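Asks: Below are the sequence and a predicted model for it; my questions follow.
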Amino acid sequence: MTIELTILAYAALLQVFQFGLMSAALNLQLGLKVTAGPRDTPPEMHGIPGRLYRAFNNHFEGLILFTIAIVIVTLGQQSTGTTQTCAYVYLAARVLYIPAYISGILLLRSTIWFVGFGATVVMIAATLI
């Protein structure tokens, strides 16, 4: 298995971790009656649980493009030091994104997001060169 595929597996496990973290926080904030109910009306999430929810959803969005990049690298047999470094940078950015989002520090979350996104774009571009 390539390093890039291994990092993709870790990124998927990070998504599972985020789901658990978000679920626990939302259960504490909203109560089991709301979170286990039919949710015909979306509950209002605020504070840290709301941020965890948005960070969780954002990881899904980033994971789509990252997965495409990994598929291109793997199927195209284009694994290089550059693509491997980009995969590590993406994963590190996604890990750092969680506390950055929770903290609410101006521009920190966006900067970290951009680093991860940029690493994914560079990975795809590297396969075309």
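Replies: Yep, it's here.

Asks: CA atoms for contacts and neighbours, from now on please.
Replies: OK.

Asks: which SSE is the residue of the chain positioned farthest from its centre in?
Replies: Distance from the C-alpha centroid of the chain, by CA atoms, centre = their mean, peaks at Lys33 (28.2 Å). Element membership for Lys33 (DSSP states H and E) is helix 32-35.

Asks: avg pLDDT for the helix or strand following that helix?
Replies: Sequence order places helix 47-75 as the next helix or strand after helix 32-35, per DSSP H and E. For helix 47-75, the mean per-residue pLDDT is 96.

Asks: Helix 47-75: which residues count as buried?
Replies: 48-56, 59, 62-63, 66-67, 69-74 (16 or more other CA atoms under 10 Å).

Asks: What of stretch 27-39?
Replies: Those would be Gln29, Thr35, for stretch 27-39 by 16+ other CA under 10 Å.

Asks: Return the distance of the helix or strand that contains Glu4 from the chain's centre.
Replies: For Glu4, the host element (DSSP H and E) is helix 3-30. Its chain's C-alpha centre and that of helix 3-30 lie 8 Å apart, by CA atoms, centre = their mean, to the nearest Å.

Asks: Against which helices or strands is that helix packed?
Replies: helix 47-75, helix 81-103 (3 or more CA pairs under 8 Å, 6 or more residues apart in numbering; DSSP states H and E).

Asks: What angle do helix 47-75 and it make with each other?
Replies: 160 degrees (axes from the mean of the first three to the mean of the last three CA atoms, to 10 degrees).

Asks: Compute the inter-axis angle for helix 3-30 and helix 81-103.
Replies: Using the same axes, to 10 degrees: helix 3-30 against helix 81-103 is 10 degrees.
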